[in-house]
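Student: Sequence and computational prediction follow.
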There are 2 protein chains.
Amino acid sequence: MLPDVRFSTILIADDHQLFNEGLRTLLTFDGSLFRVVGQVYQGNDVIPAIHKLNPAIVLMDINLPNRNGIDLSRQIVREFPSVRIVIISMYSYQKFVDELQEIGISGYLLKSASQEELVRCLNQVSNGMTYFDPKLKAASPHQEDEFIRRFKLSPRELEIIVLIKQGLATPDIARRLFLAEDTVKTHRKNIYYKLDITNVAELIQFANEQGL
Amino acid sequence: MLPDVRFSTILIADDHQLFNEGLRTLLTFDGSLFRVVGQVYQGNDVIPAIHKLNPAIVLMDINLPNRNGIDLSRQIVREFPSVRIVIISMYSYQKFVDELQEIGISGYLLKSASQEELVRCLNQVSNGMTYFDPKLKAASPHQEDEFIRRFKLSPRELEIIVLIKQGLATPDIARRLFLAEDTVKTHRKNIYYKLDITNVAELIQFANEQGL
DNA sequence: GTCCAAATACCCCAAAAGGGGTATAGATTC
DNA sequence: GAATCTATACCCCTTTTGGGGTATTTGGAC
């Protein structure tokens, strides 16, 4: 019997059995265009499963016993160029993402994604496009009027808080914003004064609490 | 209408939306005795949800944004003694398990558990018994957290990461741990090297991703 | 036309962070 | 027994941070 071409066949590789099972059930809804053809729970089982099942897409965690998803991705791209890879991970560690993108994976989803995002991602990937979790890019909306007033932070100060949180040092920020270092220092001092804090760690805690 | 006593009502608290959704679908099979009455995605939402939904069991991750599962467990046991708590976590840290057991949770499952184990656990808990993942005992060295091995961070290094994240400066940490400042500096340098980062902001990002 | 907040930029200084080494004792692993 | 890992602690040095000021310009608000 020939495989039904309407369906994208999917292999799930995740050592968290509950998550693995959960993914399968999430992809098995009425009208779903996906068919989970295999589930494995450790790195060593991925390549044999691809051999045997020839899935269109491998949905894989980075963190697998025996072999990690990055090495596996490299091998899959090399040996099964037609198989598309979607990484699904709790890490938004940019180093991982960059490395994997360079290797040539088709998608990267965070485990904090929703079912809708999962389906959208797999749809795009099965149509030959790529999908990378929007949360990976630190984009900030402009809806914080509430707490700006509360802490009396100016727009410029907010901008600088976000950059500090991203790991930029004062000179980096100055270059980025075309400002003198001293100006950025002044802003930092004012921010610390307004928030009643004394170092970066506390600033980042604040930023995280505010969802910056 | 009275609640159907045949069902155990369940509140799911996990920030990984896909996992959260997956759990719900896994518990919604034919003949299931469980009914998922609520799903929340951050620590702050747990207590209000219990107030509103009065679930029999809270199925909760340890790592939640805003508030962690350990603090929450303490509050739930104190304020809602009839609500049973089952922790579902990727960590098999004995320290966490011990602490939670002392607080009085009813169960602890690893995310690597199977659907059968999940159901068995919830059955036992809803019948007033406890259930702790069998893998917790066999744990010790091998079952150590994946990410520790991945990043090869030593226990001392982890300890210091947590203190840095809390906003302590090197001299503070040295005093706290009865170490020379230079020792703490060395640990910092080694941590930065291992994680391939260059400043506190990046370190805190990492720590937050790991739920440290 | 004055007042004020915001953004800009400089002065001073001390403390902390960051980056390059080396070294030694103790435990564990091979 | 050798190799490795961990924790400890020191050397060197530069850069960044944090904290105290002052000051100018600009654009609105009153």
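Tutor: Everything's here; your move. Numbers count the residues shown, from 1 in each chain, chains lettered A, B, ... in the order given.

Student: what does chain A have sitting close to DNA strand D?
Tutor: Chain A comes close to DNA strand D at residues A:169, A:170, A:171, A:185, A:186, A:188, A:189, A:192, A:193, A:198, A:199, A:200, as judged by CB under 7 Å from any atom of the strand. Bear in mind the C-beta positions are built from the backbone N, C-alpha and C, glycine included.

Student: my read: the fourth one touches residue A:170, true?
Tutor: Yes - look at residue A:185 against residue A:170 with CB atoms under 8 Å: they come within range, at 6.0 Å.

Student: Next step: the residues of chain A next to DNA strand D restricted to helices.
Tutor: Among the residues of chain A next to DNA strand D, the residues falling in helices (DSSP state H) are A:170, A:171, A:185, A:186, A:188, A:189, A:192, A:193, A:200.

Student: now residue A:77, nearest residue through space, not along the chain?
Tutor: Of all residues beyond its chain neighbours, the one nearest residue A:77 is residue A:104 (4.8 Å), with distances taken as CB to CB, 6 or more residues apart in numbering or on different chains.

Student: can you count the residues close to that neighbour?
Tutor: 15 (other CB atoms under 10 Å in any protein chain shown).

Student: quick one, what contacts it?
Tutor: With contacts defined as CB atoms under 8 Å, 6 or more residues apart in numbering or on different chains, the neighbours of residue A:104 are A:73, A:77, A:85.

Student: And those residues, which is closest to DNA strand C?
Tutor: Nearest to DNA strand C, judged by CB to the nearest atom of the strand, of those is residue A:73 at 27.2 Å.

Student: wouldn't residue A:77 be in contact with residue A:84 here?
Tutor: No - under the criterion of CB under 8 Å, residue A:77 lies out of contact with residue A:84, with a separation of 9.8 Å.

Student: Between the two, which is the more surrounded one?
Tutor: Between residue A:77 and residue A:84, counting by other CB under 10 Å, residue A:84 is the more crowded of the two (24 against 16).

Student: so what's that one up against?
Tutor: With contact taken as CB under 8 Å, 6+ apart, residue A:84 is in contact with A:56, A:57, A:58, A:105, A:106, A:107, A:125, A:126.

Student: how long is stretch A:40-48 end to end?
Tutor: By CA to CA, to the nearest Å, the extent of stretch A:40-48 from end to end equals 10 Å.

Student: In helices, which of the contacts of residue A:84 fall?
Tutor: Per DSSP H, those map to helices at A:125, A:126.

Student: quick one: which of the contacts of residue A:84 has the most company?
Tutor: Ranked by neighbour count (other CB under 10 Å), these have residue A:58 at the top, with 27 neighbours.

Student: between residue A:185 and residue A:170, which one's more packed in?
Tutor: Relative neighbour count places residue A:170 above the other of residue A:185 and residue A:170, with 18 against 14, counting by other CB under 10 Å.

Student: how near is the more buried one to residue A:45?
Tutor: Counting by CB to CB, to the nearest Å, the separation of residue A:170 from residue A:45 is 49 Å.

Student: Can you give me the buried ones in the helix or strand hosting residue A:47?
Tutor: In this structure, residue A:47 sits in helix A:46-53 according to DSSP states H and E. Using 16 or more other CB atoms under 10 Å in any protein chain shown as the burial criterion, the residues of helix A:46-53 that qualify are A:46, A:47, A:49, A:50.

Student: Report the mean per-residue pLDDT for it.
Tutor: Per-residue pLDDT values over helix A:46-53 give a mean of 94.

Student: As a check, name the ranges of all strands in chain A.
Tutor: Remark: strands assigned in chain A by DSSP state E are A:8-13, A:34-40, A:57-60, A:84-89, A:107-110, A:131-132.

Student: Check the ones you listed for me and report the most buried one.
Tutor: Per-residue neighbour counts averaged over each of the strands of chain A give the maximum for strand A:57-60, namely a mean of 26 (mean count of other CB atoms under 10 Å in any protein chain shown).
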